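Enquirer: Could you work out the structure for the sequence below:
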Amino acid sequence: MSLLVNAYSTLTNPTAINFSCKKLNQRGLNSLNFTDHLNGFIGYVMQAGDGEMNSRRYELYRHIQKTKHQFTFEIEENQFNELAHWAEQANVILFIPDGTIRNPKMDVLQDPDGKFDINVKMPYPSEALQRKAKTEQYLATLGLHPLVSLPPVVAESEVILRTPDEVKKRSLALMLTGIQAESFRENAPLDPEEFKARCPLGFAALSNIEYDFIHAPQPQEQDVMNMSWRYEALLPLQWALNWQSKLPFADTFCNVSSLVETGLENSNPELSTLTLRPTSELLDALDLNYRLHWLARDCRLNNKTLPVEIMEGVIQERQHALNWLTNFENADWDDVDTPS
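Expert: Below is the predicted model of the structure:
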């Protein structure tokens, strides 16, 4: 008896199907209506049962959101072992006609009624699991123990980074926003036309919220404070571009003067030798900051004291920048989310 299977891979370049089956279809990010299909699948996951968010639904949501390839095929039951080997390599979840969502071993991740067994494991690339373990080991040496069930961050085999040119422009836009926030705090706002003249790349890259902010006659005090914090988001982006030599532990404020000086030095549109740090290094920073973010929020919400100082505001801004850098939820700068 054959079984119709839809397989959803998060990998940028998954292993081709290498087992006996009847191949019916394969599509990816550039396929017509693919994003609409994935959104529909997310809706199916979220509406099952009581419709309340839980750890498994969040894991499935993130997997579907990261999906870059969908495979549709028919397979005989005696080929399940071969399917499992391929499915693990391709990091897929499987959807079958009975409405269940399964992992590569065909264990049920979620029933149609929303029920799930917490002991059934979600698929993650091995390098993502290794990175998570390495981060947890490092944090343990500091006496810090984030929630073990926090998932890994995106892996090298899954991530699509922003281009060096995008990161440069975003960095310059953040620099201009921070400078204007400082000028508002001093009651001496700068003329936005001066920004446009001195740093056209940064001015053109301003997000809608940033553009409105630097042109505001006198923004709200909270908005000025929020934009002043953006220097902390600028640091990891300059670090990603190799404009800063290191990204220090999040227990101190950034050096604003150094960030502005470096940004201005690199604002020339004709400078073309841009490279990002190795992907593994960027993802190490993301994984560490993600777990620090959870620790900081848990500390605040539950009135705990940590054995080392970590600054939640710094971590929050870094998370915004690193999530944008790694295309978290494919969101533009103003819409980047930082769940923990």
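Enquirer: CA only for contacts and neighbour counts going forward, please
Expert: Fine.
Enquirer: Quick one: the strands in the stretch 1-150 of the chain, in order.
Expert: 2-9, 22-28, 69-76, 92-95, 101-102, 108-110 (DSSP state E, counting those that start in this stretch).
Enquirer: what's the closest of those to Pro192?
Expert: Nearest to Pro192, of all those, is strand 22-28, at 42.0 Å by C-alpha to C-alpha.
Enquirer: any idea which of the strands of the stretch 1-150 of the chain is most buried?
Expert: Ranked by mean neighbour count, the strands of the stretch 1-150 of the chain are led by strand 92-95 with a mean of 26 (mean count of other C-alpha atoms under 10 Å).
Enquirer: so the closest residue in space to Gln26 that isn't next to it in sequence bridges to which residues?
Expert: Spatial nearest neighbour of Gln26, chain neighbours left out: Phe71 (4.6 Å); criterion: C-alpha to C-alpha, 6 or more residues apart in numbering. In this entry, Phe71 is beta-bridged to Ala7, Gln26, by DSSP bridges.
Enquirer: need the contact list for Phe71.
Expert: Contacts of Phe71 were listed using C-alpha atoms under 8 Å, 6 or more residues apart in numbering, and they are 5-8, 24-27.
Enquirer: how about a cut-off of 10 Å?
Expert: 5-9, 16-17, 23-28, 92, 94 (C-alpha atoms under 10 Å, 6 or more residues apart in numbering).
Enquirer: Could I get the average pLDDT for the strand or helix carrying Pro236?
Expert: Taking DSSP states H and E as the criterion, Pro236 maps to helix 231-240. Mean per-residue pLDDT for helix 231-240: 98.
Enquirer: Could you identify the helix or strand that succeeds that helix?
Expert: Next along the chain after helix 231-240, taking DSSP H and E as the criterion, comes helix 256-265.
Enquirer: contacting residues around that next one?
Expert: Against helix 256-265 from outside (C-alpha under 10 Å, 6+ apart): 168, 171-176, 178-179, 198-199, 202, 231-232, 234-235, 238, 243-244, 266.
Enquirer: again, but for stretch 183-190
Expert: Contacts of stretch 183-190 (C-alpha under 10 Å, 6+ apart): 177-182, 214-221, 224-225, 228.
Enquirer: Is there a neighbour count for Pro151? I'd like the number.
Expert: 20 (other C-alpha atoms under 10 Å).
Enquirer: What are the phi and psi values at it?
Expert: With angles defined as degrees, to the nearest 10, Pro151 sits at phi -70, psi 170.
Enquirer: start the count at 28, not 1, going forward
Expert: From this message on, residue numbering opens at 28, which makes the last subject Pro178.
Enquirer: Give me the pLDDT for it.
Expert: 94.
Enquirer: which residues sit in contact with it?
Expert: Taking C-alpha under 10 Å, 6+ apart, one finds 82, 85-86, 89, 149, 151, 155-156, 159, 314, 317-318, 367 in contact with Pro178.
Enquirer: do the same with Thr94
Expert: 34-39, 55-56, 61-62, 65, 88, 118-120, 185.
Enquirer: give me that answer again for 7 Å
Expert: 35-37 (C-alpha atoms under 7 Å, 6 or more residues apart in numbering).
Enquirer: In a markdown table: those, plus pLDDT and distance to Cys281.
Expert: Converted to a markdown table, these look like this (pLDDT from 0 to 100; distance: C-alpha to C-alpha, whole Å):
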| residue | pLDDT | distance to Cys281 |
| --- | --- | --- |
| Tyr35 | 98 | 41 |
| Ser36 | 98 | 39 |
| Thr37 | 98 | 35 |
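Enquirer: Tell me the one of these nearest Ile69?
Expert: Tyr35 (12.0 Å).
Enquirer: Isn't the closest one up against Gln97?
Expert: Yes: with contact defined as C-alpha atoms under 7 Å, Tyr35 counts as touching Gln97 (4.7 Å).
Enquirer: Give me the buried subset of the contacts of Pro178.
Expert: 86, 89, 149, 151, 155-156, 159, 314, 317-318 (16 or more other C-alpha atoms under 10 Å).
Enquirer: Need the residues you listed in TSV (columns: distance to Arg324).
Expert: TSV is the format used below for the buried ones among the contacts of Pro178 (distance: C-alpha to C-alpha, whole Å):
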residue	distance to Arg324
Glu86	20
Arg89	21
Met149	25
Tyr151	25
Ala155	23
Leu156	23
Lys159	19
Asp314	16
Tyr317	11
Arg318	10
